[in-house]
Each structure stands twice: as C-alpha cells, then as structure tokens.
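Participant: here are the coordinates; sequence isn't available:
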C-alpha cells in the first residue's frame, strides 16, 4: 500500500486526511482522524497483512492524484534519526574515515516539507546541498530488539532528502544547526508499506538536479544495514510508531562534485527510490521581511 496525507484542492479548510493511493492513481480517504503517526500506532495492534483495507476506505469519495495536495506522509514524528557517512563512496568523497559505529544526528519537525513544496534557502547559507536517502518508518515500539527480529518493527519506507547547509554543518563542532533548518527534510511523497518492499536492502536510489543525474547507487551499498540500525538504536532509545530512521546518502552530493555544486533558487531536485517513487522540490530564496 501507498499511504499518504493530503487535502483535496477544493477544500477551503485544507483539512489534512489520510488516504491510500489505489489503481489509476486514485486517492481514497480512510475512515480515521488525526495524523499518520497515531494511525500507524493503531495499526501496530494488528498484522498489516491481515488488515482488510476495504473496511477503512470511504466508499463514496476518491480523487485523481492531481486533484489533491500532498502533505508529508509524516508531519509529526517523535524522532527523525539520520545516519551520516553510511555509503563507502560517500565517505571517500567527504574526505572522512569509514565509521566503526553509525554516525547519528537529528532532524526535527520544523525541517519537514512535502512533495512539491518549495524549500527556502536562508540568505546566510551559500553551500546548500542535497542528499537522497531511504527512510525507514517504525511501526511498533522497539526496545532492545535483535538484528534477527528488527524487520518485524518496520511499518514502511519513504524518501527523505537530507538537505544540508555545508557552510554551517562543517564549520561547527556539531552538525545539528546545519541540518535542522526549516524545510531541510522533505519527506514523501508517501509511505510504501513493508509488505510491498520485501528487499529494502537492494533498491536503486538516485537524485536528479534540474534533470541531470547526480546520485546513482543502490541500498545494497549501505555500510550499516537496516536491521543493524534498528537493533543498534533500540539498544539505547525506545523507537516509537512513526519514528523515522534516514539511512544515509550515496555518493554524488554537491560537496563531492568537482567543481562543487550548491543548490540555488530555481533549482528542482528529484529524489527517487525504486519501489517508492519520486520526491520533487523546488528551491527558492528566503523571503526576508
């Protein structure tokens, strides 16, 4: 299933709803209130394969995908945990050492942006970079789980663009400020449930900048794979339904280009992962009062 958050373009109140993308790219709303996070928690009480989705779908309504506005499929996760330096070639292009344990940093809800949402580059940022990443959505509470059982805690997968202000990130002792600027974590366009992606460790992953292919790899190149990351993280923190683990970016980031390539107003970035889809955003100059 492809689950999404949206509002219908003709809805003046812009009430967020949860829906499923069906055949013919028809968005069907589900009979549920609230955001995706509590919905995922609710689903954690049942086996998704046993869920009769038809009982949740509102029979009388449905819109073509082009008639709705997509929100990020997760607008209020408790945690967004990002993994740095998790592809060998990206470590090399970054001029750093291969880590012996995962490199972690957070993003917060202020960073979240949706598919097709414009992202503002702050006036003081001169080195704005892109990073396509496979994001894992946790489906049920996980504490001290083993590698062998880790995948049982995955609800689904989505695309995250770990937008980074390199001139801030790499000139401060911690990466956090350069990674947590408003809008610097577009997520989407939807969540693909785990049953539809049984082999997340072997997915093509790529990013295009203004139509030019910049990143092109496969998740099989991850240094620390998904089961390891879930087990590693759950040993020290309780993972909750709706939490996001963004698994790192492959080589080809702007910082690694020769000459370096930085995002500028008007640039269109398309982050794509096999079996999920394309997350597209346009970058704009920050509007100053």
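Facilitator: That came through fine. Values in this document were obtained by computation on a predicted structure and should not be read as measured data.

Participant: separation between residue 222 and residue 272?
Facilitator: Distance, residue 222 to residue 272, by Cβ to Cβ, to the nearest Å: 17 Å. Every C-beta, even on glycine, is put in place using the N, C-alpha and C of the backbone.

Participant: Tell me which of the two has more neighbours.
Facilitator: Neighbour count, other Cβ atoms under 10 Å: between residue 222 and residue 272, residue 222 has more, with 22 against 19.

Participant: That one contacts residue 201, doesn't it?
Facilitator: Yes. At 7.0 Å, residue 222 counts as touching residue 201 under the criterion of Cβ atoms under 8 Å.

Participant: Backbone dihedrals for residue 282, please?
Facilitator: Here is the backbone geometry of residue 282 (degrees, to the nearest 10): phi -110, psi 140.

Participant: Could you double-check that it sits in contact with residue 270?
Facilitator: No. Using Cβ under 8 Å as the test, residue 282 is too far from residue 270 to be in contact (10.3 Å).

Participant: So the two - more neighbours on which side?
Facilitator: residue 270 (20 against 13).

Participant: residues touching that one, list them.
Facilitator: 207-208, 278-280 (Cβ atoms under 8 Å, 6 or more residues apart in numbering).

Participant: Which helix or strand contains it?
Facilitator: strand 268-273 (DSSP states H and E).

Participant: That strand pairs with which strands, parallel or anti?
Facilitator: Within its sheet, and counting by DSSP bridges, strand 268-273 is paired with strand 204-209 (antiparallel), strand 277-285 (antiparallel).

Participant: how about TSV for these, with distance to residue 139 added?
Facilitator: Listed next are the strands paired with strand 268-273 as TSV, based on distance: least, Cβ to Cβ, whole Å:
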stretch	distance to residue 139
strand 204-209	22
strand 277-285	20
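
Participant: how about the strands in the stretch 1-150 of the chain?
Facilitator: 2-8, 17-22, 26-29, 63-64, 68-71, 80-84, 103-107, 112-113, 119-121, 128-129, 132-138 (DSSP state E, counting those that start in this stretch).

Participant: and of these, who's closest to residue 179?
Facilitator: Among the strands of the stretch 1-150 of the chain, the nearest to residue 179 by Cβ to Cβ is strand 103-107 (5.7 Å).

Participant: List the buried residues in the worst-scoring helix or strand of the chain on mean pLDDT.
Facilitator: Least confident helix or strand of the chain, by mean pLDDT, DSSP states H and E, is helix 88-94 with a mean of 85. In terms of neighbour count (16 or more other Cβ atoms under 10 Å), helix 88-94 has its buried residues at 90-91, 93-94.

Participant: Quick check: the two most widely separated of those residues?
Facilitator: 91 and 93 (7.6 Å).

Participant: Surely residue 225 and residue 202 touch.
Facilitator: No. Using Cβ under 8 Å, residue 225 makes no contact with residue 202, being 10.4 Å away.

Participant: For these two, indicate the residue with more neighbours.
Facilitator: More crowded of residue 225 and residue 202, by other Cβ under 10 Å: residue 225, with 16 against 12.

Participant: now that one: how far from residue 254?
Facilitator: From residue 225 to residue 254 the distance is 26 Å (Cβ to Cβ).

Participant: now residue 206
Facilitator: 15 Å.

Participant: ditto for residue 199
Facilitator: To residue 254, residue 199 is 29 Å away according to Cβ to Cβ.
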